[in-house]
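S.K.: sharing a model that was predicted from the sequence below.
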Amino acid sequence: MDFVCNNQHNAQHQCCTPKQQVCPQPSIECLKVLSVICSKSVQKVAEFAIPTASLGIPPGTDINLISLTNIVAQPNRIVMRGTLIEGKVINSGYVPVTATLNILGIPVPIVDQLVSFNLPFQAETECPGACPGDDLQETTPIVEAVLDPVITPVIDALGGLVALSTITLKVIIRTQITVSREKLVQAGVTVLGDINPDRCTVLQPTTATSRTVTFFNGQN
């Protein structure tokens, strides 16, 4: 696909005229722009189910004796990646979270222990018409909500507690995804001049080019 722009101006050598007395007539200019294919606000759920055994909680521990408090998401440490495939944007990453763990009623109680987790997430956003070669941009993530942890016990067929299984943490974040593509467009504009009027200047004087006459030198 071939494009030729500014034929009229080039033919008249107007681009090489540093001192134009009149404005040129409107011409058809070719511009390279980013054409937006889709722009969407997307929510992502970062979630992690922590095995209770990895926190040192023995099986059969009373749920009421376990607390995970002061859960704090770290928005400035969020890791977020984007992959653009045909018609779709795939996001992945994780949200760092810290919390305070307390476990009572065990041989050695755990009190005010600071723990850290990385909550992974993955989201798929439909973007019809998008291609892998397009430009993908995403805004800085915003934390919308930090949910209370959910302790999931394992029970037997009779409803009796067998063991503690997982503690689930969840954080909701939001970003704006924009997919754009470079395109050439034509626009009717009035060219006022080149931002560099000396663009076409090749030969420049390096020595004096004319005689200089001194009329008054300030002496009596």
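M.R.: Right, received. Where do you want to start? Remember, it's a predicted structure, so these values are computed and weren't measured experimentally.
S.K.: would you confirm that residue 58 contacts residue 103?
M.R.: No - using Cβ atoms under 8 Å, residue 58 is not in contact with residue 103; the gap is 9.2 Å. Using the backbone N, CA and C atoms, a C-beta is placed for each residue, glycine as well.
S.K.: so these two - more neighbours on which side?
M.R.: When residue 58 and residue 103 are compared for neighbours, residue 103 comes out ahead with 21 against 13, by other Cβ atoms under 10 Å.
S.K.: for the more buried one, give its distance to residue 116.
M.R.: 17 Å (Cβ to Cβ, to the nearest Å).
S.K.: could I get the pLDDT score of residue 38?
M.R.: pLDDT, residue 38: 90.
S.K.: so what's it bridging to?
M.R.: With DSSP bridges as the criterion, residue 38 is bridged to residue 179.
S.K.: got a list of what it touches?
M.R.: Contact partners of residue 38, counting by Cβ atoms under 8 Å, 6 or more residues apart in numbering, are 127-130, 177-179.
S.K.: ok, 10 Å please
M.R.: 87, 89, 125-130, 134, 177-180 (Cβ atoms under 10 Å, 6 or more residues apart in numbering).
S.K.: and for residue 33?
M.R.: Going by Cβ under 10 Å, 6+ apart, residue 33 touches 180-185, 187.
S.K.: touching, residue 166 and residue 49? I think so.
M.R.: Yes - counting by Cβ atoms under 10 Å, residue 166 does reach residue 49; the two are 4.1 Å apart.
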